[in-house]
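# output the structure for:
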Amino acid sequence: MTIQRLRAAIRPDQLARSGLRGPLGAVFTGPWVDRPTLWGVAEVYLPLSRLWAAALAADGAAAAVSDFIAAVPLPEDVGPANRRHIAGILRRIERSYAAWAAADAEWREAFFGRARRTSLALAQIERRRIRAAQALAMQRFRLVWLYLRYTVPAVKFDVATPAETDALYGGVLDRPWSLFAPPKTMPIVTESRRMTTETGVDYWLRFPSPSPRIGGEAWARVHEQEGMGDAPTFIFGNGIGVEFDQIDYSIDDIVALTREGIRVIEVEAPWHGRRRKPGHYSGEPFLARAPVGAIDLLSAQAQEFAVLIDWARGCGSRHVGIGGASMGALSSLMVASHGGHWPDRCRPDLVALITFTHKLSRLPFDSALARRTGLTEALTEAGWTPERLARFRDLTDPGDALSVPGGSIVAVLGAEDEVTPIAGVREQVEAWGVPAENLYLHKGGHFSTPMGIVRDRGPLERIVALLSGT
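From the prediction side, this is the model:
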């Protein structure tokens, strides 16, 4: 199958909008999909992504093949014939990257530049950007033969040692809230031009990240109806490796909240999408630099949530909620944990959590994904133990008391979740005071549970009710 046909065949937006809601939806959202999905992510998709990231880092120079082999890394004894084949693939990927860069430059000029465009022209330019981004992402499949021939790591680890982590973060352990604090002076949030969509209008926000460890620009996509003004706002964070704004797909049912009068903001997490770190695939540094990577991302995203909450209040929103799935839920939890030290204007009124843990410090030793990707082994080799990781748990784990009342927390758990294991989570949720009507326990695991929201709309209806005050 050609890259073009494969790309045309894989349309997750069509799957979500049709199949998942129909009679066959139960087949794709049942708990039996979780273990095959976990295997596919850890054993196939991430290794292919590692090859892809190394290919993008090759600059096309004479040494590009050798640089690529070292960056994956692959064995040094790759033969001449295979090297020639690699060189050809690197040239194709380089052309795909150049096409994406051109489309992205056109998009930035159209949406943020001086020249004005019609909404139709903006939609066409957006479509070209998405197609170019998808084409670039699909270049992973040109590298399947390397994946089949060699042992390819899922993650290129550069784990911070306990001493390195202590040097970076030991000084804030007695005041962990300071690491997550909103900036004293809010950065200027720039809005793009608006594009008409099926649900209303879409536009983008960008601003300098308040995190000195992350830097660069933070990005978010806004979905709203025309003239929403002081409507409630819901800010949603992605899971690790998910790229809302780089594929022709967003969390369709989350975006559908706009039909209920909610402004929806989809956040692009640090190291994801257009914020991808060179030489890495989206989200890889979160795992590769553990535990520092997790602390860096969670603290940065918490600060960026604060900026977006403040922006939404400035638009007139009296009620602002935050939430996410997996990593996005963890970031939201850290906001709820440390928000008591924040100005009222930056605090969320609601937190919605999908497939999460209250003990991120335990995941390297408890999570099936950690074991499959080699994270557990990499941390052990760097000198980490559960006890040593526990020293930094106030920087990765939420506290027993949250700044958001239990009645304003919506929690969705998967009974068979092996990625963020459910053990102890339900008891912690109850300790936070979350009422029974706000707690949803699905039969599935880490992957099927979020997809199940397409069929069981109870959590979304509860979010609407709480944000709307009904």
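# low-confidence ranges, the stretch 51-200 of the chain, go.
Low-confidence segments of the stretch 51-200 of the chain (pLDDT under 70): 59-62.
# now the helices for it?
Under the criterion DSSP state H, counting those that start in this stretch, the stretch 51-200 of the chain contains helices at 64-71, 80-112, 119-137, 144-149, 162-169, 177-180.
# would you list these in TSV and tack on mean neighbour count and distance to H280?
Any C-beta I mention is one placed from the backbone N, CA and C, and that applies to glycine too. Listed next are these as TSV, based on neighbours: other Cβ atoms under 10 Å; distance: least, Cβ to Cβ, whole Å:
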stretch	mean neighbour count	distance to H280
helix 64-71	18	10
helix 80-112	16	15
helix 119-137	17	14
helix 144-149	14	18
helix 162-169	16	19
helix 177-180	19	23
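# would you reformat the ones you listed as JSON lines and include distance to T197?
As requested, the helices of the stretch 51-200 of the chain are exported to JSON lines (distance: least, Cβ to Cβ, whole Å):
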{"stretch": "helix 64-71", "distance to T197": "39"}
{"stretch": "helix 80-112", "distance to T197": "14"}
{"stretch": "helix 119-137", "distance to T197": "8"}
{"stretch": "helix 144-149", "distance to T197": "35"}
{"stretch": "helix 162-169", "distance to T197": "42"}
{"stretch": "helix 177-180", "distance to T197": "33"}
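# do you know which of the ones you listed lies nearest G406?
Across those, the minimum distance to G406, taken as Cβ to Cβ, is reached by helix 177-180, at 20.3 Å.
# returning to what we had before: which of the helices of the stretch 51-200 of the chain sits closest to F244?
helix 119-137 (11.3 Å).
# residues in contact with that closest one?
Here helix 119-137 makes contact (Cβ atoms under 8 Å, 6 or more residues apart in numbering) with 3, 7, 52, 93, 96-97, 99-100, 102-104, 106-107, 110-111, 117, 193-197, 243, 246-248.
# still on that earlier bit, nearest to I262, out of the helices of the stretch 51-200 of the chain?
Proximity to I262, assessed across these by Cβ to Cβ, is greatest for helix 119-137 (22.2 Å).
# got the angle between that closest one and helix 80-112?
160 degrees (axes from the mean of the first three to the mean of the last three Cα atoms, to 10 degrees).
# dump helix 119-137 to CSV, restricted to CA.
Below are the C-alpha coordinates for helix 119-137, written out as CSV (Å, rounded to 0.1, in the frame of the first residue of the first chain):
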residue,chain,number,x,y,z
SER,A,119,-12.7,32.7,5.9
LEU,A,120,-12.8,30.4,2.9
ALA,A,121,-9.2,31.1,2.0
LEU,A,122,-8.2,30.6,5.7
ALA,A,123,-10.0,27.2,5.7
GLN,A,124,-8.1,26.2,2.5
ILE,A,125,-4.8,27.2,3.9
GLU,A,126,-5.5,25.3,7.2
ARG,A,127,-6.4,22.2,5.1
ARG,A,128,-3.1,22.4,3.3
ARG,A,129,-1.2,22.7,6.6
ILE,A,130,-3.0,19.7,8.0
ARG,A,131,-2.4,17.6,4.9
ALA,A,132,1.3,18.5,4.9
ALA,A,133,1.5,17.7,8.6
GLN,A,134,-0.2,14.3,8.1
ALA,A,135,2.0,13.5,5.1
LEU,A,136,5.1,14.2,7.3
ALA,A,137,3.7,12.1,10.1
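# tell me which of the helices of the stretch 51-200 of the chain sits nearest to A231.
Among the helices of the stretch 51-200 of the chain, the nearest to A231 by Cβ to Cβ is helix 119-137 (20.7 Å).
# what comes up buried for stretch 412-428?
Neighbour-count burial for stretch 412-428, counted by 16 or more other Cβ atoms under 10 Å, picks out 412-414, 416-422, 425, 428.
# before we move on, the earlier item: among the helices of the stretch 51-200 of the chain, which comes closest to A220?
Smallest distance to A220 across the helices of the stretch 51-200 of the chain (Cβ to Cβ): 13.3 Å, for helix 80-112.
# I'd like the buried residues of stretch 412-428 as TSV, with pLDDT and secondary structure appended.
Output for the buried residues of stretch 412-428, formatted as TSV (pLDDT from 0 to 100; DSSP: H, G, I helix; E, B strand; the rest coil):
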residue	pLDDT	secondary structure
V412	95	strand
L413	94	strand
G414	91	strand
E416	91	coil
D417	91	coil
E418	92	coil
V419	93	coil
T420	91	coil
P421	90	coil
I422	88	coil
V425	93	helix
Q428	94	helix
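# what's the closest of these to P450?
Checking these one by one against P450 (Cβ to Cβ), the nearest turns out to be V412, at 7.7 Å.
# next one: that closest one from I422, what distance?
Noted for V412: a distance of 11 Å to I422, by Cβ to Cβ, to the nearest Å.
# what do you get for R128?
Going from R128 to I422 by Cβ to Cβ gives 43 Å.
# cool, Q303 as well?
Counting by Cβ to Cβ, the gap from Q303 to I422 is 29 Å.
# over to D104?
D104 sits 40 Å away from I422, going by Cβ to Cβ.
# gap between P386 and A294?
The gap separating P386 from A294 is 15 Å, by Cβ to Cβ.
# the two: which is more packed in?
Comparing P386 with A294 by other Cβ atoms under 10 Å, the one with more neighbours is A294, at 23 against 12.
# would you agree the more buried one falls within a helix?
Yes: using DSSP: H, G, I helix; E, B strand; the rest coil, the assignment for A294 is a helix.
# for G316, which non-adjacent residue is closest in space?
Distance criterion Cβ to Cβ, 6 or more residues apart in numbering; nearest residue to G316, sequence neighbours excluded, is D230 at 3.3 Å.
# and the one you found, how many residues sit next to it?
D230 sits with 13 neighbouring residues when counted by other Cβ under 10 Å.
# the residue nearest to G229 when sequence neighbours are not counted in helix, strand or coil?
The shortest distance from G229 to any non-neighbouring residue, by Cβ to Cβ, 6+ apart, is to G316 (5.3 Å). When classified by three-state DSSP, G316 comes out as coil.
# quick one, domains of the chain?
Taking automatic domain parsing as the reference, the chain has its domains at 36-149, 162-468.
# can you put the ones you listed in TSV and add distance to K156?
Converted to TSV, the domains of the chain look like this (distance: least, Cβ to Cβ, whole Å):
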stretch	distance to K156
domain 36-149	6
domain 162-468	6
